[in-house]
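> Build the 3D model from these lines:
(4 chains)
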Number of protein chains: 2
Amino acid sequence: MGRWEPNARGRLAQAALALYVEQGFDETTVAQIAGKAGLSERTFFRHFQDKREVLFYGTEHAQELLKKAVAGAPPSATPMSAVGTALEAVGAMLEEDPERVRLRDAVVSSKAELRERELIKLAAFAAAVAEALRERGVREPAASLAAEQGVAIFKVAFTLWVRGRGQSLVEILRQSMRDAKAVIADRSR
Amino acid sequence: MGRWEPNARGRLAQAALALYVEQGFDETTVAQIAGKAGLSERTFFRHFQDKREVLFYGTEHAQELLKKAVAGAPPSATPMSAVGTALEAVGAMLEEDPERVRLRDAVVSSKAELRERELIKLAAFAAAVAEALRERGVREPAASLAAEQGVAIFKVAFTLWVRGRGQSLVEILRQSMRDAKAVIADRSR
DNA sequence: ACACTGATGGCAGCAACTGACATCAGATCG
DNA sequence: CGATCTGATGTCAGTTGCTGCCATCAGTGT
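Numbers count the residues shown, from 1 in each chain, chains lettered A, B, ... in the order given. As a prediction, the model looks like this:
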């Protein structure tokens, strides 16, 4: 498969993040991003459906990780514990490059349209997890509930991690899961 | 407070829903909506930030309902039970005009951009509930967790209701909360 | 050399959205 | 009752995200 300059998508994503951080999302034009990546505006839209989507390059990978982790959990595992280990796997992945994650999060958090896109990615995660659970024999609505609960816990833990200092995301995740259990079991005031 | 024709916002929302249902979201132009409501395109954007936002007219009301229900729960109520009754209140409200809710849901579900907007509204609900819980003295992260869990349960229950037949939303909500408890307590396979 | 395929660029065009300015209905005041 | 003031609306121009269409160019296989 012949190419011109390799990894056009990656170059676009990198250029976009840099420009969004530098001058803001609204103030950045797609033409600028494309130019910085050495491509035309038209080509940008061949690689990303949106001006926003470019910030979520790599998301599919995390989703695959989730599905495989759920599928690979021991048969004895309960739905919630399978989801828990899957979330920890994603958490560990994010901790490999925390600076980049925080930078991206700062951009995303600054604009409502970007938060929207993030939420739909999380919803897709939940759907993928629910499907993986169903393939393990978990029935509805337990599958969807476990998946949604897991993602909800992840959201809270991730926020704590980003806004906090140094503490390990995986640790925060484990603690949040314990807290969630207590809350939903009405063992909390 | 003088007006020309009263309730411009409501007229725009109604016209928009009708056109979105009739000819689809993408095929409908803002100028058409404005025209149908007897207003100009520019004025549409004075009432709604977006072409999408018009579908979520009335959301603030539901959010107020949520906050008041949480605030009004008896002091002895646990966070999760306070959230539960608040969700039931919203569920009951939706059941007052099920046809309209289903119609709106059909439009929203048909387009990713609209689902995005819906998700951010739900996130706003969660944030409002968490705040109301904090004002009851619930600490973090229990407040956020209870709120997020509640919204996650609501999402699942609402989907079951819309896709199902006749069954009461409030009933489905109650059952889903029981299911969620079992799932997260690992009492489910 | 030749055609073939897939990635790219260029261009035209629509529609969403914004800013600036004029205008008009109705309330308030003298 | 008329002048004025305020807020909602209309008009117009302009930017930009995004799409369709067609030409072109890099690299592959024949």
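
> I figured residue A:140 hits residue A:134, correct?
Yes. Between residue A:140 and residue A:134 there is a contact under Cβ atoms under 8 Å: 7.3 Å. Using the backbone N, CA and C atoms, a C-beta is placed for each residue, glycine as well.

> of these two, who's got more company?
Using other Cβ atoms under 10 Å in any protein chain shown as the criterion, residue A:140 and residue A:134 rank with residue A:134 on top: 16 against 13.

> Any residue of the biggest helix by length in chain A touching DNA strand C?
The longest helix of chain A (DSSP state H) is helix A:112-135. No. Using Cβ under 7 Å from any atom of the strand, helix A:112-135 stays clear of DNA strand C, coming no nearer than 8.7 Å.

> How about stretch A:26-41?
Yes. Judged by Cβ under 7 Å from any atom of the strand, stretch A:26-41 and DNA strand C are in contact via A:34, A:38, A:39, A:40.

> any idea how far the last one lies from residue A:47?
The reference is to residue A:40. Going from residue A:40 to residue A:47 by Cβ to Cβ, to the nearest Å gives 11 Å.

> of those two, who's got more company?
Ranked by neighbour count (other Cβ under 10 Å), residue A:40 and residue A:47 place residue A:47 first, with 18 against 12.

> List the contacts of that one.
Residues near residue A:47 by Cβ atoms under 8 Å, 6 or more residues apart in numbering or on different chains: A:8, A:9, A:12, A:54.

> Can you verify my assumption that residue A:185 contacts residue B:185?
Yes. Using Cβ under 8 Å, residue A:185 is in contact with residue B:185, at 6.0 Å.

> so what's in contact with those two at the same time?
With Cβ under 8 Å, 6+ apart, residue A:185 and residue B:185 have no common neighbours.

> quick one on the thing from earlier: in helices only, show me the residues of stretch A:26-41 next to DNA strand C.
Secondary structure assignment by DSSP H places residue A:34 of those in helices.

> between the residues of stretch A:26-41 next to DNA strand C, which is closest to residue A:122?
residue A:34 (28.2 Å; Cβ to Cβ).

> Take the contacts of residue A:47 and keep only those in helices.
Residues of the contacts of residue A:47 located in helices (DSSP H): A:8, A:9, A:12.

> Out of those, which end up buried?
Listed as buried from the ones in helices among the contacts of residue A:47 are A:8, A:12; burial here means 16 or more other Cβ atoms under 10 Å in any protein chain shown.

> Switch the ones in helices among the contacts of residue A:47 over to a markdown table; also include distance to DNA strand C and pLDDT.
Formatted as a markdown table, the ones in helices among the contacts of residue A:47 follow (distance: Cβ to the nearest atom of the strand, whole Å; pLDDT from 0 to 100):
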| residue | distance to DNA strand C | pLDDT |
| --- | --- | --- |
| A:8 | 4 | 94 |
| A:9 | 8 | 95 |
| A:12 | 9 | 97 |
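
> which parts of chain A sit against chain B?
Counting by Cβ under 8 Å from any Cβ of the partner chain, the positions of chain A adjacent to chain B are A:78-81, A:112, A:115-117, A:119-120, A:123, A:137-138, A:141-142, A:144-146, A:148-149, A:151-153, A:155-156, A:159-160, A:176, A:179-186, A:188-189.

> Buried among the residues you listed? Need that as a selection in PyMOL.
Remark: buried members of these, expressed as a PyMOL selection using 16+ other Cβ under 10 Å:
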select buried, chain A and resi 78+79+80+115+116+117+119+120+123+138+141+142+144+145+146+148+149+151+152+153+155+156+160+176+179+180+181+183+184+188
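
> that older thread, tell me which two of the residues of stretch A:26-41 next to DNA strand C sit farthest apart.
A:38 and A:40 (9.3 Å).

> Report the residue ranges of every domain in chain A.
For chain A, automatic domain parsing gives the domain ranges A:8-54, A:58-184.

> First-to-last residue distance for the shortest one?
The first and final residues of domain A:8-54 sit 12 Å from each other (Cα to Cα, to the nearest Å).
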